[in-house]
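Asks: Build me a structure from this.
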Amino acid sequence: MVATNGQTVAVFGGTGFLGRRIVQHLRSRGFPVRIASRHPDPGYTLPGADDPQLQSVEANIHDERSVADALAGAYAVVNAVSLYVERGPDTFHSVHVEGARRVAVQSHRAGVKRLVHMSGIGADAASQSRYIRKRGEGELAVRAAFAEATFIRPAVVFGPDDAFLVTILKLLRELPVYPMFGRGATRLQPAHVDDVADAIGRIMQRAETPRIFEFGGPRVYSYEELLRAVAHQAGLAPRLIPIPFAVWHALAWASEMFRIPFLTRNQVELMQIDTVSSPDMPGFFELGISPHSVEEILQKILSNSGG
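Replies: Residues are numbered from 1 along each chain as shown. This is a model prediction of the structure:
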């Protein structure tokens, strides 16, 4: 391991959609960063520099030894490992509960000073949604192992290379009619990926912070309003057709028979639940961040793609 001043931050899942941005924001604040992932990229550097303060190490949150090795000498840890579709041994329980517990236990044993755990708005161990229930159970497991952990609960996270906003835009352009989940009434408060990553960097710089943050963007949309906002920015006039959730559940059940399902019942369940930050929870404002809007980022995506 590279010798540091004791302020190295280990980022599990640091090669992912959110993790990459967390790494960049931590480095911009001067933290040496150790990227811990199952498939490390030895050439991983920030744009334009051969950065000696950036390491890539192989670590699997299912394996205690590799987690312990990745944590050796770390000042702080960010667990940004996430799973949205279960495949084989990677289940919501194995990743969001067992894996999260393993990182927290080993962080405590290694004498790590700060642990930031990525969760999600609505995380609830009593939820009927398996995904949300395992997120909630994961928070409890982490808290039991590392009492001073900080929990980050973002709303749906969007950005230029996401699987959310870009997918919606693609489907709006290609489909003659757009099938909505239910009547499109589910409420969403999308948070920009760089805002969430910026928040992690600011939290790491502060000696004391609240133990739970919820991050939502500047506007709450119904699902239908979000679709129309995206369409408007792209100069589209889509026909939005309500499809009952019972039909979506049946489609998802059939889809799950394929090796790589195009839709899962878990994803349908998530579209039935509002993901809006609580006004009683600290969020972007407390960290001095003015969150970017969907419209602002979508304009950049459209201009970069030539419309």
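
Asks: packing partners for the helix or strand of the chain with the lowest mean pLDDT?
Replies: For the chain, counting by mean pLDDT, DSSP states H and E, helix 265-270 ranks last in confidence among helices and strands (a mean of 86). Judged by 3 or more CB pairs under 8 Å, 6 or more residues apart in numbering; DSSP states H and E, helix 265-270 is in contact with helix 130-145, helix 245-255. Glycine gets a C-beta too; all of them are placed from N, C-alpha and C.

Asks: Would you convert these into CSV that also reports mean neighbour count, distance to Arg101 and mean pLDDT?
Replies: Converted to CSV, the helices and strands packed on helix 265-270 look like this (neighbours: other CB atoms under 10 Å; distance: least, CB to CB, whole Å; pLDDT from 0 to 100):
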stretch, mean neighbour count, distance to Arg101, mean pLDDT
helix 130-145, 21, 4, 96
helix 245-255, 15, 29, 94
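
Asks: could these go into JSON lines alongside distance to Ile273?
Replies: Converted to JSON lines, those look like this (distance: least, CB to CB, whole Å):
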{"stretch": "helix 130-145", "distance to Ile273": "7"}
{"stretch": "helix 245-255", "distance to Ile273": "11"}
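
Asks: Specify the stretch among these that is closest to Ile203.
Replies: Nearest of those to Ile203, taken as CB to CB: helix 130-145 at 15.5 Å.

Asks: immediately after the closest one, which helix or strand?
Replies: Sequence order places strand 150-154 as the next helix or strand after helix 130-145, per DSSP states H and E.

Asks: partners of that next one in the sheet?
Replies: Partners of strand 150-154 in the sheet, by DSSP bridges, are strand 114-118 (parallel), strand 212-215 (parallel).

Asks: Now the longest one: average pLDDT?
Replies: In other words, strand 114-118. For strand 114-118, the mean per-residue pLDDT is 97.

Asks: swap in stretch 196-203?
Replies: 97.

Asks: So which residues of the stretch 51-200 of the chain form helices?
Replies: 64-71, 92, 100-109, 130-145, 165-174, 193-205 (DSSP state H, counting those that start in this stretch).
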